[in-house]
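Enquirer: A structural model of the following input is requested.
(2 chains)
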Protein chains: 2
Amino acid sequence: MAGRERRLMTDTVALIGLGTIGEGWGLAFASAGHPLRLHDADTTRAMQAAERIGREVAGARVEVRADLAEAVAGVAHVQESIAETIDAKTALFAELGRLAPPSAVLASSSSALLPSAIFAGLDGAERALVAHPFNPPHVMRAVEIVPSPRTSEATIARAADLLSGIGQVPLVVRKEVPGYVMNRLQAAVVGEAMHLVAEGVVSPEELDRAFPAALGWRWGVMGPFETMDLNAEQGFEAYVDRFGASYQQLTRTLCVDAPWTPEAVAAVAEARRRAVPRAALQERRRWRDRMVRAVAALTAGRGARG
Amino acid sequence: MAGRERRLMTDTVALIGLGTIGEGWGLAFASAGHPLRLHDADTTRAMQAAERIGREVAGARVEVRADLAEAVAGVAHVQESIAETIDAKTALFAELGRLAPPSAVLASSSSALLPSAIFAGLDGAERALVAHPFNPPHVMRAVEIVPSPRTSEATIARAADLLSGIGQVPLVVRKEVPGYVMNRLQAAVVGEAMHLVAEGVVSPEELDRAFPAALGWRWGVMGPFETMDLNAEQGFEAYVDRFGASYQQLTRTLCVDAPWTPEAVAAVAEARRRAVPRAALQERRRWRDRMVRAVAALTAGRGARG
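Expert: This is a model prediction of the structure:
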């Protein structure tokens, strides 16, 4: 029994907030064998998530707890995925600070709030951090670990270990910046793409259609630095020697922060609805998830290198 | 014989300049069955390219011509891939304007020069445009078609047809802007990534390692607009209603045009050499090409939709 107790102490994960993100986390943790405790202010939602996880993951161990204290008792990791408002998060983490075992890592799925704000009023902030997944979390397998200035290195290491253990690729964000790392890179692409559509440089259909074959196929298997490294015979430094000045000149002409004009938004929306009617979006998401899993499988065990 | 003459008139492609890009074009055109004429100021280089194309593409029809007039006589399409300097290109295109059949499309592989500059002195500029491939052209299958203000719509359509016919995904760039479309999107990512490394927000290793799982797997199968479309239950417009304001606020914090510090360049170069020693770069490129082809194959016939 002591052994079992210890196992539960280190393994059980509490998921607080069972919207799309929380449910995705549930699938990811359950697939790796973690026992789960689910809690949502709306208990029906937690029940529905438990049902889906039980249906999709053979052998999943999932319990729903309407009482927050019971949900977090004895767990090793708490993953919060409630609404993205600072007041709701600070209030919840103040409670979690009191109710969760002192040894538990307290993680927020926030995609935009800064950890120093989320954990401002928290006693024991050394064990709290943001663990930001991508959408959907059980398919896109990166997670940004964003400590606040008060988070301990031990907490960062424990969160990275736990998340690596369920097959996620952790990225530690060493300084708090808006959007962390990956959403900044994505926003750079989206901002410039919206600008080019607004200026009539390219149609949204053609931009989206050519994007994978121009950039996305490579980025499906390697990051932007390795891409440059392989594009010069002698590697990255040779690339910078040869193209660095003109590349930086080009970056000064970008307009990633141009306002999204109503006309550009409408043009993209119309292009999207021509491509996939609204009623077919859910089916297209399932197609995306199948395709993304297939891309991921191609590089499993190798893509992580380099 | 008249039939054969007509076929050669419409099908034969002249490749001028046989560096990496010209050779990649050769593999792409030959794989689709086009007869080729190769010309390079250095005839030995043209011979080596012809040899590689013959070795890698069964049934390739490749001729080398030391004389430019002979290289372009009777061809349907001329693809120029010489050094990326405006003087060399304008001089060559002035010659091509005199020597190539009036019916031939004259295309430059330039990745950075503006078509109005390249074709400034060209008689018959209505039949000239930039057709910019990605690297390597026979693996990454997008091509940016960039007309100058003098290029005819018929020429744009013929180039798009020919290139679609060899399996490329054409993207028409409707206004001349530095970097065209895709290199602007790539530069936005690279610029912000260099900035985040320079600021100590993230290590180059972790950024590259997490990039595919965070963003690249999705972008391997769809563009940035479809990605947003599928990330809101009701599609793109709902996404913009909900996240547009905060997204645009985030874009105003980006630093895509920050100077690349020597320290950041060195940090990336060192990370790359730890991952793949210089002597192993060529093998890693072959791995990249295999992986990219596998990603492309996943969505063949479907990824072009949406």
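
Enquirer: Run through the neighbouring helices and strands of the host helix or strand of A:L96.
Expert: If you go by DSSP states H and E, A:L96 is part of helix A:86-99. When contacts are defined as 3 or more Cβ pairs under 8 Å, 6 or more residues apart in numbering or on different chains; DSSP states H and E, helix A:86-99 sits against helix A:68-72, strand A:77-80, strand A:105-108, helix A:115-118. Where you see a C-beta, it was placed from the backbone N, CA and C, and this is true even at glycine.

Enquirer: These: which one's closest to A:E283?
Expert: Of all the helices and strands packed on helix A:86-99, it is strand A:77-80 that lies closest to A:E283, at 28.8 Å by Cβ to Cβ.

Enquirer: Show me what from the stretch 1-150 of chain A comes close to chain B.
Expert: By the rule Cβ under 8 Å from any Cβ of the partner chain, the part of the stretch 1-150 of chain A lying against chain B is A:112, A:134-135, A:139-142, A:144.

Enquirer: okay if I get the helices and strands packed on helix A:86-99 as JSON lines plus mean neighbour count and mean pLDDT?
Expert: Shown next, in JSON lines, are the helices and strands packed on helix A:86-99 (neighbours: other Cβ atoms under 10 Å in any protein chain shown; pLDDT from 0 to 100):
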{"stretch": "helix A:68-72", "mean neighbour count": "19", "mean pLDDT": "98"}
{"stretch": "strand A:77-80", "mean neighbour count": "26", "mean pLDDT": "98"}
{"stretch": "strand A:105-108", "mean neighbour count": "26", "mean pLDDT": "98"}
{"stretch": "helix A:115-118", "mean neighbour count": "19", "mean pLDDT": "96"}
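
Enquirer: possible to save these as CSV with distance to B:V13?
Expert: Shown next, in CSV, are the helices and strands packed on helix A:86-99 (distance: least, Cβ to Cβ, whole Å):
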stretch, distance to B:V13
helix A:68-72, 66
strand A:77-80, 56
strand A:105-108, 56
helix A:115-118, 57
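
Enquirer: ok, back up a step: looking at the residues of the stretch 1-150 of chain A next to chain B, spot the one nearest chain B.
Expert: Closest to chain B out of these is A:A142 (3.6 Å), distances taken as Cβ to the nearest Cβ.

Enquirer: Kindly list the main-chain dihedrals of that closest one?
Expert: The phi/psi pair for A:A142 (degrees, to the nearest 10) reads phi -100, psi 150.

Enquirer: you'd agree it is up against A:L171?
Expert: Yes: judged on Cβ atoms under 8 Å, A:A142 makes contact with A:L171 at a distance of 6.3 Å.

Enquirer: Find the residues that touch each one of these two.
Expert: Residues touching both A:A142 and A:L171 by Cβ atoms under 8 Å, 6 or more residues apart in numbering or on different chains: A:182, B:210, B:214.

Enquirer: So which of these belong to helices?
Expert: In helices, judged by DSSP state H, the following of these are found: A:182, B:210.

Enquirer: Can I get the buried part of the shared contacts of A:A142 and A:L171 as one PyMOL selection?
Expert: Selection of buried members from those for PyMOL, criterion 16 or more other Cβ atoms under 10 Å in any protein chain shown:
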select buried, (chain A and resi 182) or (chain B and resi 210+214)
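
Enquirer: what's the closest of the shared contacts of A:A142 and A:L171 to A:A28?
Expert: Nearest to A:A28 among the shared contacts of A:A142 and A:L171, counting by Cβ to Cβ, is B:A214 at 14.3 Å.

Enquirer: what's the closest non-adjacent residue to that closest one?
Expert: Leaving aside its sequence neighbours, B:A214 sits nearest to A:A142 (Cβ to Cβ, 6 or more residues apart in numbering or on different chains; 3.6 Å).

Enquirer: coming back round to it: buried subset of the residues of the stretch 1-150 of chain A next to chain B?
Expert: A:112, A:134, A:139-142, A:144.

Enquirer: circling back: contacting residues around the residue nearest to B:A214?
Expert: Contacts of A:A142 were listed using Cβ under 8 Å, 6+ apart, and they are A:133-134, A:168-171, A:182, B:210-211, B:213-214.

Enquirer: Run through who's touching the helix holding A:L96.
Expert: A:16, A:68-69, A:72-73, A:78, A:80, A:82, A:106, A:108, A:110, A:113, A:117-124, A:128.
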